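Engineer: sequence and predicted structure, then a few things I'm wondering about:
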Amino acid sequence: AQTVTQSQPEMSVQEAETVTLSCTYDTSESDYYLFWYKQPPSRQMILVIRQEAYKQQNATENRFSVNFQKAAKSFSLKISDSQLGDAAMYFCAYRSAFTNAGKSTFGDGTTLTVKP
Amino acid sequence: GAGVSQSPSNKVTEKGKDVELRCDPISGHTALYWYRQSLGQGLEFLIYFQGNSAPDKSGLPSDRFSAERTGGSVSTLTIQRTQQEDSAVYLCASSFRGGGTGAYEQYFGPGTRLTVT
């Protein structure tokens, strides 16, 4: 079974600074998808960024980018020019590309605080 | 278009009572998921529906939990004889399709906060 580990329960960053959230995963599969979701206090989970494992190029979405290290099974999220609205809980998630299960495995989350 | 909706947003029930939680997925989405999130924790997979296929129930914690999806759309998660440890936020998500290739995202509802007293 796949596991996802987020080793940082809490992180803080100064507004306009850069912060990196860590995620590692364990799998024996070669093809899969990785996601970062954001959950603000409203509880509404929204997708931040996604990465296909077969792509070597790291995904970027505006101020959000990932550092995907397939051999190390690492998938960190970098937030540049942090804004107050980035404060939320961030979840890393894994989904297999092979099985028909479709379900995603989530880490325990990292709570990000942005200081003005 | 409308997103995933869930009702009720909050539910307080007494230990031993049954509860039903409802999820309306995005129209056209064939896959529907239920997750449970305990306070400050990650998401625990409960059950997954994909089209007309048999649901993946591998995450249901006990036989007190069941779910159905009628007409490939609305889903109801039922918890019988609720226990205090069932207190959590129950999140529903839908996606355009289920397993296999494609980095499609899951669209989440706002969740139902269940409190068992």
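Structural biologist: Right, received. Where do you want to start? All figures in this text were calculated on a predicted structure; none of them were measured in a lab. Numbering: from 1, shown residues only, chains lettered A, B, ... in the order given.
Engineer: wait, is residue B:71 part of a helix?
Structural biologist: Yes: checked against DSSP: H, G, I helix; E, B strand; the rest coil, residue B:71 lies within a helix.
Engineer: which parts of chain A sit against chain B?
Structural biologist: A:6, A:33, A:35, A:37, A:42-47, A:50-52, A:91, A:96-97, A:99-109 (C-beta under 8 Å from any C-beta of the partner chain). For glycine as for every other residue, the C-beta is placed from the backbone atoms N, C-alpha and C.
Engineer: can you flag the buried ones in those residues?
Structural biologist: Neighbour counting over those (16 or more other C-beta atoms under 10 Å in any protein chain shown) leaves A:6, A:33, A:35, A:37, A:43-45, A:47, A:50-52, A:91, A:96-97, A:101-109 as the buried ones.
Engineer: among these, which are located in strands?
Structural biologist: A:33, A:35, A:37, A:47, A:50-52, A:91, A:96, A:105-106 (DSSP state E).
Engineer: run through the residues that contact residue A:6.
Structural biologist: A:21-23, A:90-92, A:107-110, B:42 (C-beta atoms under 8 Å, 6 or more residues apart in numbering or on different chains).
Engineer: which of the residues you listed sits closest to residue B:27?
Structural biologist: Nearest to residue B:27 among the contacts of residue A:6, counting by C-beta to C-beta, is residue A:91 at 25.8 Å.
Engineer: against residue B:8, how distant is the closest one?
Structural biologist: According to C-beta to C-beta, to the nearest Å, residue A:91 stands 24 Å off from residue B:8.
Engineer: related to what we said a few turns ago, quick check: the farthest pair among the contacts of residue A:6?
Structural biologist: Among these, A:22 and B:42 lie farthest apart (C-beta to C-beta), at 14.5 Å.
Engineer: look up how far residue A:6 lies from the residue nearest the centre of chain B.
Structural biologist: By C-alpha atoms, centre = their mean, the mean C-alpha position of chain B lies nearest to residue B:34, the distance being 2.8 Å. With distances taken as C-beta to C-beta, residue B:34 is found 22 Å from residue A:6.
Engineer: cool, residue A:42 as well?
Structural biologist: Residue A:42 is 21 Å from residue A:6, by C-beta to C-beta.
Engineer: show me the helices in chain A, by range?
Structural biologist: With DSSP state H as the criterion, chain A has no helices.
Engineer: pLDDT weak spots in it?
Structural biologist: In the predicted model, chain A carries pLDDT under 70 at residues A:99-101.
Engineer: again, only using 90
Structural biologist: A:1-2, A:29-31, A:41-44, A:54-56, A:95-104 (pLDDT under 90).
Engineer: same check on chain B?
Structural biologist: Applying pLDDT under 90 to chain B flags residues B:1-2, B:28, B:30, B:39-42, B:50-54, B:56, B:70-72, B:95-106.
Engineer: so which bits of it are right by chain A?
Structural biologist: Contact residues, chain B versus chain A (C-beta under 8 Å from any C-beta): B:31, B:33, B:35, B:40-43, B:45, B:48, B:50, B:53, B:56, B:58-59, B:89, B:91, B:93, B:95, B:98-101, B:103, B:105-106, B:108, B:110-111.
Engineer: report the buried members of these.
Structural biologist: Counted by 16+ other C-beta under 10 Å, these give B:31, B:33, B:35, B:42-43, B:45, B:48, B:50, B:56, B:59, B:89, B:91, B:93, B:95, B:98-99, B:103, B:105-106, B:108, B:110-111 as buried.
Engineer: please flag which of those sit within strands.
Structural biologist: B:31, B:33, B:35, B:43, B:45, B:48, B:50, B:89, B:91, B:93, B:95, B:108.
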